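Peer 1: here is my input, please return the structure:
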Amino acid sequence: MRTRRILVALGAALCLLAAGCSGTGPTGPAPAIPTRATSHGTGETPHGASPTTAQAAHAALRAGEKVQRIAMPATYLPKAPSGGTDDYRCFLLDPKLTRDSFVTGYDVEPGDASIVHHVILYRVPASKVGLARAQDARSPGDGWTCFGGTGIEQQGASLDDAPWVGAWAPGGTETVLSPDLGIPLEKGSRLVLQVHYNLLNGPKPDRTAVDLRLSTSSRLTPLETVLYPAPVELPCRPGKSGPLCNREAAVWDVAQRFGDRASWLVAGLLMLCEGAVTPHPGPTQSCTRTVDGPAVVRASAGHMHLLGSSIRIELNAGTPKAKTLLDIKQWDFDDQGSRPLPATPIKRGDRITVTCRHDQTWRDKLPALEGIPERYVVWGEGTTDEMCLGILSVTRS
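Peer 2: Coordinates of the predicted model:
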């Protein structure tokens, strides 16, 4: 029975991290997956500047490209379920594709940047649009609650091929892919716009939009997203106490706020990375996964929240062929964009390691955490929870 629970937890973790699973499960509603964050961001812009939604002019279009705007159907007033301070809302959008296309860039325009913690665009293939519509119809009003991924059953994805089209977090600007690359979108596809609202300072109306750069060129190489998560097991500091300094209570609290599968994810990450569900508490956590097939890494990014201090992604660490794919020594919530890399081949059997360091002392420095009791921190969806996520953009032959 214990083995079965471990396997269920691992399966839930993989599914939730990649795209989101069906809306129900053996123990209740299915939420929870990751989505990025932190400078030492607060939901505020750096140095006390006022948040702004002003957009810079788009980069010039290249041959065969056009820009198409997709937007939330109406203004939405966020509301955090389960008494929390975070609302994840998904909106089903139609880019009106009449032929197979590629996304060659995107520019996310938050309606109110002071509450938008992150945005992720997911692709929904034409064969799954009916499931997406059914998911939307089950929830009153525009969109649906979607902690983790989209919640669309059988969307079809894994950590090695996540259905991400693009992502935005504080500090994000227009993304334009290299001229030879594109993210495929088949004719009749839809997009799910997931917006994570941070409501620590209260709700405000929002209507986020995205300008998609589209091309129908047949010469583009498809770009895929590969996710490399690691556990978070950050205990309270010596001398600090409180009910949530107990790990079991902290995991239970995450499950209360985001659903039972949030706790499955905590256990599943340990199983994925450690081979067992026994945690090893400490500020530094890592995870190594073996590459299952050839690819070429073209860009990298990382994601953590307010207690993040550093993140590193390494290829074949500790060997003569070791390469660093990402090394952010001082995590900045307001600079979460991807970093382009020289084309870096990886092959079956290579090992990729993501390492994150978190620090409870940020609680003493960040206005966003003022007055929030210290706790044992595990992977969780809230702005005041934590994540450790490496992200690679790859092409395959």
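
Peer 1: which helix or strand contains residue 131?
Peer 2: helix 129-137 (DSSP states H and E).

Peer 1: er, residue 276 I mean
Peer 2: Applying DSSP H and E, one finds residue 276 in no helix or strand.

Peer 1: touching, it and residue 270? I think so.
Peer 2: Yes - here residue 276 reaches residue 270: they are 6.8 Å apart, a contact under C-beta atoms under 8 Å. C-beta here means a position set from N, CA and C on the backbone, and glycine is covered the same way.

Peer 1: ok, those two, which is more surrounded?
Peer 2: Set side by side, residue 276 and residue 270 show more neighbours around residue 270, with 26 against 11, by other C-beta atoms under 10 Å.

Peer 1: share the number of residues neighbouring the residue lying closest to that one once chain neighbours are set aside, please.
Peer 2: Once flanking residues are discounted, residue 270 sits nearest to residue 277: 4.9 Å by C-beta to C-beta, 6 or more residues apart in numbering. With neighbours defined by other C-beta under 10 Å, the count for residue 277 comes to 16.

Peer 1: quick one: residue 277 and residue 271 touch, right?
Peer 2: Yes - contact criterion C-beta under 8 Å: residue 277 and residue 271 qualify, at 5.8 Å.

Peer 1: residue 334: neighbouring residues, count only.
Peer 2: Neighbours of residue 334 (other C-beta under 10 Å): 18.

Peer 1: assign a three-state SS to it, would you?
Peer 2: Three-state call for residue 334 (DSSP: H, G, I helix; E, B strand; the rest coil): coil.

Peer 1: and it, how close does it get to residue 109?
Peer 2: Separation of residue 334 from residue 109 (C-beta to C-beta, to the nearest Å) stands at 17 Å.

Peer 1: how about residue 359?
Peer 2: In this view, residue 359 and residue 109 are 33 Å apart by C-beta to C-beta.

Peer 1: the two - which one has more neighbours?
Peer 2: Neighbours were counted for residue 359 and for residue 109 using other C-beta under 10 Å; residue 109 has more, 19 against 16.

Peer 1: my guess is the more buried one contacts residue 211. True?
Peer 2: Yes - counting by C-beta under 8 Å, residue 211 is a contact partner of residue 109 at 7.1 Å.

Peer 1: what's near enough to touch the closest residue to residue 190 other than its chain neighbours?
Peer 2: Excluding its sequence neighbours, the residue lying closest to residue 190 (C-beta to C-beta, 6+ apart) is residue 124, at 4.4 Å. By C-beta atoms under 8 Å, 6 or more residues apart in numbering, the contact set of residue 124 is 92, 132, 150, 152, 155, 163, 189, 190, 191, 192.

Peer 1: drop anything exposed from the residues you listed.
Peer 2: For these, a burial check counting by 16 or more other C-beta atoms under 10 Å picks out 92, 132, 150, 152, 155, 163, 189, 190, 191, 192.

Peer 1: hmm, which of the residues you listed is lowest in pLDDT?
Peer 2: In terms of pLDDT, residue 155 ranks lowest among the buried ones among the contacts of residue 124, with 44.

Peer 1: pLDDT weak spots in this structure?
Peer 2: Where the chain drops to pLDDT under 70, the residues are 1-56, 83, 153-157.

Peer 1: the helices in it, which residues?
Peer 2: Using DSSP state H, the helices of the chain run over 2-18, 129-137, 247-258, 260-274.

Peer 1: which other helices and strands does the third one contact?
Peer 2: Other elements packing on helix 247-258 under the criterion 3 or more C-beta pairs under 8 Å, 6 or more residues apart in numbering; DSSP states H and E are helix 260-274, strand 377-378.

Peer 1: can you put these in a markdown table and add distance to residue 319?
Peer 2: What follows is the helices and strands packed on helix 247-258, written out as a markdown table (distance: least, C-beta to C-beta, whole Å):
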| stretch | distance to residue 319 |
| --- | --- |
| helix 260-274 | 19 |
| strand 377-378 | 31 |
